[in-house]
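In: what shape does this take:
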Amino acid sequence: MRHLLRVLLGSLRRGAPHMLGSGLPLISLALGVVGCAGPSLLPKAQAVAIRDRDRALASNADAIHAAIGQSGKGGALAFLDASDGRLIVLPGDSPADAWARYTASPESGTGRVSVPAVVTFVHRADVPKAPETVTRSVLQEHQTLRTSVAALSTELRDAHRRLEERLGIVQRELAESIAATKTDTDASLAAARADIQTALSSLAEDLAAVRQFMLQTAQLGWLNHELNVENASGLRKVATASQELSASSARLEATLRQLSESLAGELKELANRLDAIQGKVGSLK
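Out: Predicted coordinates:
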């Protein structure tokens with residue numbers, strides 16, 4: 001899946017406008033597959049791991065909110081270091097923003113922080129939103145996508161600048177051609193104007209292609225936002241399913257215990273009856 005995204009983004013970066021129409025649906029499908037893995041059946045070990053992780057973060061709630069308040073951001077990614085269990089808080093206005101700030105910091109390249117597969121984004125205390133669970137792989141893919149979009153935007157600005165320079169050259173050539181052809185015959189003037197008109201038409205087509213490219217780049221950013229929303233919704237469903245599974249397991253355990261106690265009582269009563277019958281049979285003999 002990551003290889004598919006790299007191939008599609010590589011094609012866009014090499015300046016292939018004709019790939020945008022067919023590339024965007026493939027990118028949408030790839031991102032959808034990455035961010036929409038449903039909860040299905042949650043194993044007991046996984047449910048226990050999720051519950052333990054939530055409890056560990058809850059015990060550090062004061063420290064997490066203190067770090068968020070000092071940063072002035074909208075929230076922070078919070079997790080326990082996978083190697084030594086220490087609390088790590090990465091401030092940011094969103095999960096993607098917090099991850100981007102972390103990857104841009106020198107600490108991310110030293111290897112001193114071991115990020116687990118799943119982290120939690122905690123909102124600022126005055127924001128009425130529940131914490132969001134985010135996977136490390138999705139954050140990494142979002143960061144790769146943002147880097148690619150930034151590179152595409154830079155290339156787009158360069159292309160627009162080159163087109164403006166070309167337009168200036170064409171306009172100067174047009175002025176020079178008009179000045180030089182004033183003394184020529186009507187036929188030569190018509191031919192020169194036809195050539196210039198052709199060049200201007202070609203330039204207009206290039207500008208139209210650039211505008212279409214900018215529109216598709218904006219659509220790519222919108223798809224990235226939709227992926228963030230769908231990922232947050234899917235992970236909330238996983239947490240809900242985990243809680244429901246834990247409650248069902250507790251009820252099943254209580255039911256089995258009651259059945260075991262009832263069966264033991266009935267077996268004891270049956271044994272007493274058999275002893276009584278055996279005693280009566282012995283007395284008849």
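In: quick one, grab the pLDDT at R2.
Out: pLDDT for R2: 43.
In: repeat that for A16.
Out: pLDDT for A16: 43.
In: what of L5?
Out: So, for L5, pLDDT stands at 42.
In: equivalent analysis for E165, please.
Out: 88.
In: what of the one 10 residues further on?
Out: In the predicted model, A175 carries a pLDDT score of 82.
In: neighbours of the closest residue to L207 other than its chain neighbours, how many?
Out: Leaving aside its sequence neighbours, L207 sits nearest to L163 (C-beta to C-beta, 6 or more residues apart in numbering; 6.3 Å). C-beta here means a position set from N, CA and C on the backbone, and glycine is covered the same way. Neighbour count of L163, defined by other C-beta atoms under 10 Å: 15.
In: okay, and L163 sits in which element?
Out: helix 136-180 (DSSP states H and E).
In: next SSE after that helix?
Out: helix 186-284.
In: angle of that following helix against helix 136-180?
Out: Orientation check (axes from the mean of the first three to the mean of the last three C-alpha atoms, to 10 degrees): helix 186-284 against helix 136-180 gives 170 degrees.
In: now do helix 186-284: distance to the chain's middle.
Out: Its chain's average C-alpha position is 14 Å from that of helix 186-284, according to C-alpha atoms, centre = their mean, to the nearest Å.
In: just checking, what packs against it?
Out: helix 20-35, helix 44-58, strand 132-135, helix 136-180 (3 or more C-beta pairs under 8 Å, 6 or more residues apart in numbering; DSSP states H and E).
In: within its sheet, name the partner strands of the shortest one and how each one runs.
Out: Put plainly, it is strand 132-135. Strand 132-135 sits in its sheet next to strand 118-123 (antiparallel), going by DSSP bridges.
In: next, the buried residues of stretch 94-113.
Out: S94, P95, A96, D97, A98, W99, A100, R101, Y102, T103, V113 (16 or more other C-beta atoms under 10 Å).
In: can you check stretch 117-136 too?
Out: Quick answer for stretch 117-136 (16+ other C-beta under 10 Å): 118-124, 131-136.
In: having no further points to raise, I will conclude here.
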